[in-house]
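> fold the following for me, if possible:
(one chain, ligands or ions: 2)
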Amino acid sequence: MSTSYERVLEHLQELKLNRTSVILDGYLERAAKEKIPLVESLDFLLKEEISYKNDTSLKTRTKVAGFPYQKTFEQFDFKFQPSIDSTTINELRTMRFVHQMENVIMLGPPGVGKTHLSISLGLEAIRNKFSTYYLNCHDLITSLNQAQFENKLNDRIRNLCKYKLLVIDEVGYLPIDQQGANLFFQLISKRYEKGSIIITSNKSFNQWDEIFGDASAAILDRLLHHSTTINIKGDSYRIKDRKSQLSGQSKKQTTV
Ligand code: ADP
Ligand code: MG
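Ligands and ions are numbered 1, 2, ... in the order given. Presented below is the predicted three-dimensional model:
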């Protein structure tokens with residue numbers, strides 16, 4: 001016959017209270033020594049379990065999201081990019097747009113921080129327990145084409161619709177053929193008013209027919225209906241250091 005201690009361990013395992021299983025021994029000794037009341041003990045153990053579970057699911061959601069890198073708003077130098085309106089960013093950071101199933105479109109030339117900001121928003125969504133998935137447009141179209149070829153397009157689109165927030169990065173960097181544009185439209189129209197999308201693009205809206213051809217108007221119609229557009233006009237952050245190096249060099253040259 002098993003002892004009550006053994007049964008407690010079994011129950012914890014069955015209930016998947018993994019953190020409690022690990023800390024139980026040490027805690028029981030402490031509770032006995034310090035004569036901690038039962039209610040306080042339960043409070044402590046349950047709190048530990050909840051914070052462990054929250055931590056684990058945060059890690060899992062972050063891994064599932066598949067960001068190419070992790071950068072936060074705190075790491076973004078807003079002074080370098082004055083065209084970005086801080087009120088708009090603060091509003092987006094409240095996550096109301098995810099609750100309302102609205103979209104965010106970030107436009108601007110390369111290096112101005114579109115990917116960085118969309119990842120920061122994605123990480124904040126994850127912290128707020130929203131399932132999030134990142135992919136760049138080229139990989140998305142390839143995967144939709146593949147699914148179409150394998151007769152699994154509906155499954156693939158359904159899968160992409162299960163996330164509360166979908167980040168589609170780099171729209172317009174590579175050409176998309178007619179079939180790709182139609183598949184993209186199908187995804188956008190399935191997610192319309194059902195889940196948020198963040199899109200980044202180096203092309204302004206009036207250049208979108210160069211990306212999507214005939215499907216462009218229908219795609220924009222759905223994307224922009226409930227949306228916030230952030231138009232970043234400024235220098236590339238990537239060449240910032242190169243520029244300062246170059247100006248350092250030229251200063252050196254002039255002083256020689
Ligand atoms: P984009 O997607 O617009 O081409 P990224 O977001 O990939 O540009 O930015 C390029 C690199 O520069 C990234 O490493 C990003 O973290 C960094 N970066 C861009 N803008 C800023 C900024 N204002 N402050 C800090 N880092 C920035
Ligand atoms: Mg980018």
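
> contact residues of the stretch 51-200 of the chain facing ligand 1?
Residues of the stretch 51-200 of the chain lying near ligand 1 by C-beta under 6 Å from any ligand atom: 71, 76-77, 80-81, 108, 110-116, 200. In this view, the C-beta of every residue, glycine as well, is placed from N, C-alpha and C.

> mark which of the residues you listed are buried, thanks.
Buried by 16 or more other C-beta atoms under 10 Å: 71, 76, 81, 108, 111-116, 200, out of those.

> what's the most distant pair in these?
Using C-beta to C-beta, these span at most 16.2 Å, a distance reached by 71 and 108.

> flag every buried residue along stretch 92-112.
Within stretch 92-112, the residues scored as buried using 16+ other C-beta under 10 Å are 92, 95, 97-98, 101-108, 111-112.

> before we move on, back to that, could you dump the buried ones among the residues of the stretch 51-200 of the chain next to ligand 1 to JSON lines with secondary structure, pLDDT and distance to residue 156?
Output for those, formatted as JSON lines (DSSP: H, G, I helix; E, B strand; the rest coil; pLDDT from 0 to 100; distance: C-beta to C-beta, whole Å):
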{"residue": "71", "secondary structure": "coil", "pLDDT": "96", "distance to residue 156": "28"}
{"residue": "76", "secondary structure": "coil", "pLDDT": "96", "distance to residue 156": "33"}
{"residue": "81", "secondary structure": "coil", "pLDDT": "94", "distance to residue 156": "35"}
{"residue": "108", "secondary structure": "coil", "pLDDT": "97", "distance to residue 156": "29"}
{"residue": "111", "secondary structure": "coil", "pLDDT": "95", "distance to residue 156": "32"}
{"residue": "112", "secondary structure": "coil", "pLDDT": "96", "distance to residue 156": "31"}
{"residue": "113", "secondary structure": "coil", "pLDDT": "97", "distance to residue 156": "30"}
{"residue": "114", "secondary structure": "helix", "pLDDT": "97", "distance to residue 156": "25"}
{"residue": "115", "secondary structure": "helix", "pLDDT": "98", "distance to residue 156": "23"}
{"residue": "116", "secondary structure": "helix", "pLDDT": "98", "distance to residue 156": "28"}
{"residue": "200", "secondary structure": "strand", "pLDDT": "98", "distance to residue 156": "22"}
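
> nearest to residue 155, of the residues you listed?
residue 200 (26.3 Å).

> from residue 183, how far off is the closest one?
Counting by C-beta to C-beta, to the nearest Å, the gap from residue 200 to residue 183 is 19 Å.

> same thing with residue 38?
For residue 38, the distance to residue 183 - C-beta to C-beta - is 59 Å.

> check residue 51 too.
Applying C-beta to C-beta to residue 51 and residue 183 gives a distance of 42 Å.

> now residue 55
Taking C-beta to C-beta, one finds residue 55 at 37 Å from residue 183.

> compare these two and say which is more crowded by neighbours.
Using other C-beta atoms under 10 Å as the criterion, residue 55 and residue 183 rank with residue 183 on top: 23 against 11.

> so the more buried one makes contact with residue 143?
No: using C-beta atoms under 8 Å as the test, residue 183 is too far from residue 143 to be in contact (9.4 Å).

> tell me the contacts of the closest residue to residue 168 other than its chain neighbours?
Spatial nearest neighbour of residue 168, chain neighbours left out: residue 199 (5.0 Å); criterion: C-beta to C-beta, 6 or more residues apart in numbering. Going by C-beta atoms under 8 Å, 6 or more residues apart in numbering, residue 199 touches 103-106, 168-169, 171, 223.
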